[in-house]
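Trainee: I'll drop the sequence and a predicted model, then ask my questions.
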Amino acid sequence: MKVVEGKFGKKPADIPTHEFLASFAMKAQDYEQNQKKIKAVVVLYNDGDVFEVASNEQYPDGVFMLLHMSAQAILNETLGITGEIE
């Protein structure tokens, strides 16, 4: 399992948010078809305009955990600590 597929700052072109989310939804559907119960958090943000957090996790501590794991994965990618987890 790859933790982060970031390539931060190395994108050839911006991908529209709705296309990104549609692609991610298809990935979630693949997991669910393989009987994996996936939890997700989505953050919509635009400086000074929009800040929304949505999740299918029902407990606030679960949402916090997902956000914290995401932040740590981004830090690891930024610091060059990446790779496959066995």
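Mentor: Yes, it's here.
Trainee: Could I get the average pLDDT for stretch 23-31?
Mentor: Mean pLDDT, stretch 23-31: 93.
Trainee: what residues does it touch?
Mentor: Ile38, Ala40 (C-beta atoms under 8 Å, 6 or more residues apart in numbering). C-beta coordinates here come from the backbone N, C-alpha and C atoms, glycine included.
Trainee: all strands for this structure, in order.
Mentor: For the chain, applying DSSP state E gives strands covering 41-46, 50-55.
Trainee: contacting residues around Leu66?
Mentor: Lys39, Ala40, Val41, Ser55, Glu57.
Trainee: Of the residues you listed, just the buried ones, PyMOL syntax please.
Mentor: Buried subset of the contacts of Leu66, written as a PyMOL selection, criterion 16 or more other C-beta atoms under 10 Å:
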select buried, resi 41+55+57
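Trainee: Just give me the closest of the contacts of Leu66 to Leu75.
Mentor: If you rank these by distance to Leu75 using C-beta to C-beta, Val41 comes first, at 16.8 Å.
Trainee: hmm, back to that, same list (the strands of the chain) but as TSV, adding distance to His68 and mean pLDDT.
Mentor: What follows is those, written out as TSV (distance: least, C-beta to C-beta, whole Å; pLDDT from 0 to 100):
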stretch	distance to His68	mean pLDDT
strand 41-46	10	92
strand 50-55	13	92
